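Asks: What follows is a protein structure lacking sequence information:
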């Protein structure tokens, strides 16, 4: 389809699934921001996003990870991603984005270009530890488009919202195992070992959740970042789709480590 047809398609998706559900999300956001001044969950996701980048860049193997970080520290990283993912899932559900993505995620992703994204997304990626957010955004878009067949196969078996819920459960299970290994250290309980690939997936989930949280905020007009009406609607839609695509790619890494 042409670029204009694609934008009309996005406008239809936004109007059909999202627009009428935004007032309820706006009220929820308003309460949160009144108490925390900004979305605290972006701050919660910052540490794991940066530390998983470090693991991927500097830890050569599984042994390096567990020599560098204690089980307690790794459990804390996972807890933060678990918290941010839960927040992202809740907002995406409330705002209608998950309904849209269960029907049209791949069609939305297929036409995405980096210039469609809100400029605020670059600030979010920088906050998550990116030193070159423009290049990273292009890389995320490429990676999300590249993995479409794998996501389609998985989504035929398990709806997207359920995949995201299962990821929450996987993170909770792994985090509890790590916490138990710390509590029962005197009994020589073995620390559950996760690979570099697993932590790479964890970082993708953190990054995708941060984008999704930020752009639901843009859609409801609560982040006080100046955007055009088109960016507030279509830009938020392509960005949340990319965030979800990145989370699903990360879930694939957790599953196939």
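Replies: Cool, the structure landed. As the structure is a computational prediction, the values presented were derived from the model and not from experiment.

Asks: can you count the residues close to residue 121?
Replies: Residue 121: 24 surrounding residues under other CB atoms under 10 Å. For glycine as for every other residue, the C-beta is placed from the backbone atoms N, C-alpha and C.

Asks: out of everything not next to it in sequence, what's closest to it?
Replies: The shortest distance from residue 121 to any non-neighbouring residue, by CB to CB, 6 or more residues apart in numbering, is to residue 239 (5.6 Å).

Asks: what packs against the host helix or strand of the one you found?
Replies: Taking DSSP states H and E as the definition, residue 239 sits inside helix 236-255. The contact analysis (3 or more CB pairs under 8 Å, 6 or more residues apart in numbering; DSSP states H and E) places helix 236-255 against helix 3-13, helix 71-94, helix 97-110, helix 133-146, helix 148-157, helix 160-183, helix 196-219.

Asks: What residues of it count as buried?
Replies: 236-254 (16 or more other CB atoms under 10 Å).

Asks: show me the contacts for the nearest residue in space to residue 179 that is not next to it in sequence.
Replies: Of all residues not flanking residue 179 in the chain, residue 75 sits nearest, at 5.1 Å (CB to CB, 6+ apart). By CB atoms under 8 Å, 6 or more residues apart in numbering, the contact list for residue 75 reads 175, 178, 179, 182.

Asks: Would you mind checking which of those is nearest to residue 123?
Replies: residue 175 (28.6 Å; CB to CB).

Asks: Can you check the pLDDT for residue 94?
Replies: Here, the pLDDT recorded for residue 94 equals 92.

Asks: what do you get for residue 232?
Replies: The model's pLDDT for residue 232 equals 79.

Asks: Burial check on it, number of neighbours?
Replies: Residue 232 has 19 nearby residues by other CB under 10 Å.

Asks: check contacts around it.
Replies: Contacts of residue 232 (CB under 8 Å, 6+ apart): 218, 219, 221.

Asks: Let me have these in TSV, adding pLDDT, neighbour count and distance to residue 84 as columns.
Replies: Below are the contacts of residue 232 laid out as TSV (pLDDT from 0 to 100; neighbours: other CB atoms under 10 Å; distance: CB to CB, whole Å):
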residue	pLDDT	neighbour count	distance to residue 84
218	86	21	17
219	86	31	18
221	76	14	22
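
Asks: gap between the two ends of stretch 182-197?
Replies: Its first and final residues considered, stretch 182-197 spans 23 Å by CA to CA, to the nearest Å.

Asks: Numbering from 45 from now on, please.
Replies: From this message on, residue numbering opens at 45, which makes the last subject stretch 226-241.

Asks: returning to that earlier point: from residue 166, how far off is the residue nearest to residue 165?
Replies: 11 Å (CB to CB, to the nearest Å).

Asks: Check residue 291 too.
Replies: 19 Å.

Asks: before we move on, the earlier item: report the buried members of the contacts of residue 119.
Replies: Applying 16+ other CB under 10 Å to the contacts of residue 119 flags 219, 222, 223 as buried.

Asks: since we're on residue 248, how many residues are nearby?
Replies: By the criterion of other CB under 10 Å, residue 248 has 26 neighbours.

Asks: In this structure it contacts residue 289, no?
Replies: No - using CB atoms under 8 Å, residue 248 is not in contact with residue 289, being 9.7 Å away.

Asks: Nearest residue to residue 53 in space, please, no chain neighbours.
Replies: residue 45 (6.8 Å).

Asks: And residue 244, by the same measure?
Replies: Here the residue nearest residue 244, using CB to CB, 6+ apart, is residue 100, at 5.1 Å.

Asks: Also residue 154?
Replies: residue 189 (7.1 Å).

Asks: residue contacts, that neighbour?
Replies: Residue 189 sits in contact with 153, 154, 156, where contact means CB under 8 Å, 6+ apart.

Asks: For residue 101, see how far away residue 175 is.
Replies: Computed as CB to CB, the residue 175 to residue 101 distance reads 11 Å.

Asks: per-residue pLDDT, the nearest residue to residue 171 once chain neighbours are set aside?
Replies: In space, and not counting its chain neighbours, residue 171 is closest to residue 90: 5.7 Å by CB to CB, 6+ apart. pLDDT for residue 90: 94.
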